[in-house]
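Student: Build me a structure from this.
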Amino acid sequence: MKVVISTVFTDYRSLSSRKERYGNINDLYTEHCAYNAIIVLGYFLQTHGWFGQEFGQNLSRLIMNIALPASIFVSVMKYLTFDKLISLSEGLVYTFAAFTLGYVVAYIVVRAFRVRPGRRGTMINTFVNANTIFIGLPLNVALFGNKALPYFLIYYITNTISTWTLGVYLMSSDSKSGKSKSAEKFDWKKLLPAPLVGFLVALIFLVLRIPVPAFATSTLTYIGNIVTPLSLIYIGIVLAKAGLKTITLDRDTIITLVGRFMLGPLVMVAILMLTAKNMPADEFKTFVIQSAAPALAVLPILASHGDGDVEFSTNVVTLSTIMFVIVIPIVDALLGYM
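Tutor: Modelled structure (predicted):
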């Protein structure tokens with residue numbers, strides 16, 4: 001299977017380049033298998049009584065309020081500098097335009113198909129926001145090498161701001177009860193979630209060129225590294241509580257996956273072809289590939305915080321994580337003709 005998929009990815013570069021690329025792709029799919037194994041572990045431990053009733057909820061709080069802010073802070077400090085941020089500013093215009101159009105398209109789809117409350121936030125987020133760091137970054141390195149890393153950072157900045165501002169607000173405001181927002185007391189914390197605070201603090205450190213002590217970087221790195229495994233275990237817990245029968249291809253799930261893997265990349269291609277005709281090939285391909293990455297692994301956690309449909313979010317994340325193995329080689333092959 002790996003050989004077949006790797007063959008699809010081949011772009012007939014030099015033999016040494018292909019060897020390096022095959023190695024990266026094999027590493028990527030090995031990592032993908034590990035993700036699925038951790039989900040299975042969470043499912044197994046929950047079904048065999050290892051976790052108490054409140055464990056899943058406490059786990060989501062730990063990830064949202066502690067681990068994610070640490071992870072985002074460390075990622076920004078590791079991959080960005082102030083000078084690099086300035087040099088990448090032009091590319092941000094294109095990605096922000098694509099994300100804005102993506103939200104408009106997603107909103108129209110949600111209204112047209114009359115998606116029920118509790119699922120709207122997940123659907124809109126899946127259309128627009130992607131799992132950039134944990135899947136998008138190794139995917140980009142596997143396909144284009146480290147030379148395309150600056151272009152990935154442009155997308156990462158846009159995706160992070162989008163996710164932890166409008167994205168998280170839509171999730172936290174989308175209750176299954178469909179309760180009118182006007183009847184609720186407005187919660188200003190929804191506009192400044194902990195992960196966004198981590199991102200903003202990192203930007204302050206970059207702009208002011210404040211050095212981060214080595215022990216602080218090490219500590220935050222250890223804390224941030226628990227995000228992915230704990231998020232995947234949480235998905236397994238949710239699957240165990242809901243039952244595997246909840247993994248279905250119902251109408252809303254199909255629409256959401258079409259939005260992630262088809263409409264998202266098409267919106268990005270349309271924006272770039274209309275406004276950035278002289279864009280470097282690697283930058284163009286990076287933006288399109290990232291727009292086809294799987295859904296955010298933390299969507300079920302965000303759904304639980306907003307009293308949304310956690311089972312639906314889990315279903316979308318699980319299926320998109322599985323399907324990207326098939327989708328990305330197809331998108332990469334199509335990019336070869338552009």
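
Student: can you count the residues close to residue 81?
Tutor: Close neighbours of residue 81, defined as other C-beta atoms under 10 Å, add up to 11. C-beta here means a position set from N, CA and C on the backbone, and glycine is covered the same way.

Student: correct me, but it touches residue 206?
Tutor: Yes: assessed by C-beta atoms under 8 Å, residue 81 is found in contact with residue 206 at 6.7 Å.

Student: tell me the strands in the stretch 151-300 of the chain, going along the chain?
Tutor: Shown for the stretch 151-300 of the chain, no strands are assigned by DSSP state E, counting those that start in this stretch.

Student: where does it dip in pLDDT?
Tutor: 179-191, 242-246 (pLDDT under 70).

Student: Give me the buried positions along stretch 128-148.
Tutor: 128-144, 148 (16 or more other C-beta atoms under 10 Å).

Student: Ok, stretch 94-113 next?
Tutor: By neighbour count, with 16+ other C-beta under 10 Å as the criterion, the buried positions of stretch 94-113 are 94-99, 102-103, 105-106, 109-110.

Student: now stretch 233-252
Tutor: 233-241, 246, 252.

Student: now do stretch 115-124
Tutor: Buried residues in stretch 115-124, defined by neighbour count with 16+ other C-beta under 10 Å: 115, 118-124.

Student: CA atoms only: put it into CSV for me.
Tutor: What follows is the C-alpha trace of stretch 115-124 in CSV, where atoms were taken according to Å, rounded to 0.1, in the frame of the first residue of the first chain:
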residue,chain,number,x,y,z
VAL,A,115,-27.8,21.7,9.2
ARG,A,116,-29.1,21.2,12.8
PRO,A,117,-27.7,23.1,15.8
GLY,A,118,-24.7,21.4,17.4
ARG,A,119,-23.2,20.4,14.1
ARG,A,120,-22.9,23.8,12.4
GLY,A,121,-19.7,24.9,14.1
THR,A,122,-18.0,21.6,13.3
MET,A,123,-19.1,21.8,9.7
ILE,A,124,-17.9,25.4,9.2
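
Student: can you list contacts of that stretch?
Tutor: Outside stretch 115-124, the residues that touch it by C-beta atoms under 8 Å, 6 or more residues apart in numbering are 103, 106-107, 109-110, 167, 170-178, 252, 255-256, 259, 299, 302-303, 306-309, 312-313, 316.

Student: Could you pick out which of the residues you listed are located in helices?
Tutor: With DSSP state H as the criterion, helices contain 103, 106-107, 109-110, 170-172, 252, 255-256, 299, 302-303, 312-313, 316 from among the contacts of stretch 115-124.

Student: one step back: make JSON lines out of the buried residues of stretch 94-113 and add pLDDT.
Tutor: Below are the buried residues of stretch 94-113 laid out as JSON lines (pLDDT from 0 to 100):
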{"residue": "94", "pLDDT": "95"}
{"residue": "95", "pLDDT": "96"}
{"residue": "96", "pLDDT": "96"}
{"residue": "97", "pLDDT": "96"}
{"residue": "98", "pLDDT": "96"}
{"residue": "99", "pLDDT": "97"}
{"residue": "102", "pLDDT": "97"}
{"residue": "103", "pLDDT": "97"}
{"residue": "105", "pLDDT": "97"}
{"residue": "106", "pLDDT": "97"}
{"residue": "109", "pLDDT": "97"}
{"residue": "110", "pLDDT": "96"}
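
Student: Would you mind putting those residues into JSON lines with distance to residue 160 alongside?
Tutor: Conversion of those to JSON lines gives the following (distance: C-beta to C-beta, whole Å):
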{"residue": "94", "distance to residue 160": "16"}
{"residue": "95", "distance to residue 160": "11"}
{"residue": "96", "distance to residue 160": "12"}
{"residue": "97", "distance to residue 160": "17"}
{"residue": "98", "distance to residue 160": "15"}
{"residue": "99", "distance to residue 160": "11"}
{"residue": "102", "distance to residue 160": "15"}
{"residue": "103", "distance to residue 160": "15"}
{"residue": "105", "distance to residue 160": "21"}
{"residue": "106", "distance to residue 160": "18"}
{"residue": "109", "distance to residue 160": "24"}
{"residue": "110", "distance to residue 160": "23"}
